[in-house]
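K.L.:
coords please:
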Amino acid sequence: MKKIVLTSLVASMIPFSANVQSYEVVEVNKGGAITGKVTFSGDDPAPVKFLVTKDVEVCGQTREIDFVKVNNGALNDVVVYLENVEAGKPFPQKDKQAKIEQKKCEYGPLLNVMIQGENLEIINMDKVAHKMHASEMMDMGSKKTMFNISQPVQGTVTKEVKIKEGVGMKMECEQHEFMQGFMFVAKNPYYALVTEEGTFTIEDIPSGNYTVKTWHGKLKKHPQANVSVESGKEIVVNFDYSK
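P.N.:
Got it, this is the predicted structure:
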């Protein structure tokens, strides 16, 4: 595959916005690819520390969450995605059966990915009750409640997830404030969760013009870029966040 470096840095900071749309799976011949890296400029924000005052025998006495995790300049917990793609490759099978395991009063990875309209299996593995409050995340970090689910001790609840305006949701436990996590909800299969080194690759893209966007659950302004993808060619697009 021939590689074309389109840009080395995209500094424009634009709030995300996405509309619900249908998606059609079609055969993609000699699709193009977008690859790159997501970085963070400025001082690395310190993790947030919580003092646990409830259910300490299960949850522990303290909790620390690194909401903005920076690894040698690379920003973690970011999804890079193409907006408003109507047809192309199928969704990855691994994201069709999404689940959240609550163990020791944690949601597991800070950022998870699922597919729009699929069911989310919410598993309480603890010997204490939890109550998940899920909110759709809107422009500039504002939130809109999607659902509240009371979870029995060591019980499982299943909920269909549909995002209307944004691309992700925040998950919080109303019983334990330190239980927090984020879910990117994909409306097409052209997305990638960055590696620990901040790198990403999106493949099998039909030829055409696209808007490439980024999403981080905690940071409010998200870099984006407009690109033109050609058959069999690879474009390099790097993004930089700042606090």
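K.L.:
where does Asp43 sit relative to Val70, distance-wise?
P.N.:
Asp43 is 9 Å from Val70, where distance means Cβ to Cβ, to the nearest Å. All C-beta spots, glycine's among them, are computed from the backbone N, C-alpha and C.
K.L.:
The two: who's more crowded?
P.N.:
A direct count of neighbours by other Cβ atoms under 10 Å for Asp43 and Val70 places Val70 higher, at 18 against 9.
K.L.:
got a list of what the more buried one touches?
P.N.:
Taking Cβ atoms under 8 Å, 6 or more residues apart in numbering, we find Val70 in contact with Phe40, Asp44, Asn76.
K.L.:
Contact partners for the nearest residue to the last one once chain neighbours are set aside?
P.N.:
On the basis of Cβ to Cβ, 6 or more residues apart in numbering, the spatially nearest residue to Asn76 that is not a chain neighbour turns out to be Lys69, at 4.2 Å. Contact criterion Cβ under 8 Å, 6+ apart gives Leu75, Asn76, Asp77, Leu110 as the residues in contact with Lys69.
K.L.:
Which one (most neighbours) among the residues you listed?
P.N.:
That'd be Leu75 among the contacts of Lys69, by other Cβ under 10 Å, with 24 neighbours.
K.L.:
My read is that that one contacts Lys37, right?
P.N.:
No: the criterion here is Cβ atoms under 8 Å, and Leu75 misses it with Lys37 at 9.0 Å.
K.L.:
Quickly list what's touching both of those two.
P.N.:
Val194, Gly198.
K.L.:
Which SSE is immediately downstream of the helix or strand bottoming out on mean pLDDT in the chain?
P.N.:
Taking mean pLDDT, DSSP states H and E as the measure, the chain has strand 13-14 as its least confident helix or strand, at a mean of 39. Using DSSP states H and E, the helix or strand that follows strand 13-14 towards the C-terminus is strand 24-25.
K.L.:
Would you mind identifying the next helix or strand past that next one?
P.N.:
Downstream of strand 24-25, the first helix or strand assigned by DSSP H and E is strand 32-41.
K.L.:
So for that following strand, mean pLDDT?
P.N.:
If you average the pLDDT over strand 32-41, you get 98.
K.L.:
Please save the CA atoms from that strand in CSV.
P.N.:
Extracted in CSV, the C-alpha atoms of strand 32-41 (Å, rounded to 0.1, in the frame of the first residue of the first chain):
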residue,chain,number,x,y,z
GLY,A,32,-7.7,3.1,1.6
ALA,A,33,-6.4,3.6,5.1
ILE,A,34,-5.9,6.3,7.7
THR,A,35,-3.1,6.0,10.3
GLY,A,36,-1.6,8.4,12.8
LYS,A,37,-1.0,9.3,16.4
VAL,A,38,-2.8,11.2,19.1
THR,A,39,-0.7,13.3,21.4
PHE,A,40,-1.2,15.7,24.4
SER,A,41,0.4,19.1,24.7
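K.L.:
Pull out the buried positions in that strand.
P.N.:
For strand 32-41, burial by neighbour count (16 or more other Cβ atoms under 10 Å) applies to Gly32, Ala33, Ile34, Thr35, Gly36, Lys37, Val38, Thr39, Phe40.
K.L.:
Go ahead and confirm Lys89 touches Val28.
P.N.:
Yes: using Cβ under 8 Å, Lys89 is in contact with Val28, at 5.3 Å.
K.L.:
Overlap of the contact sets of these two?
P.N.:
In contact with both Lys89 and Val28: Asp204, using Cβ under 8 Å, 6+ apart.
K.L.:
Give me the nearest residue to His216, chain neighbours excluded.
P.N.:
His216 sits nearest to Val78 (Cβ to Cβ, 6+ apart), 5.0 Å away.
K.L.:
do the same with Lys213
P.N.:
Gln224 (4.5 Å).
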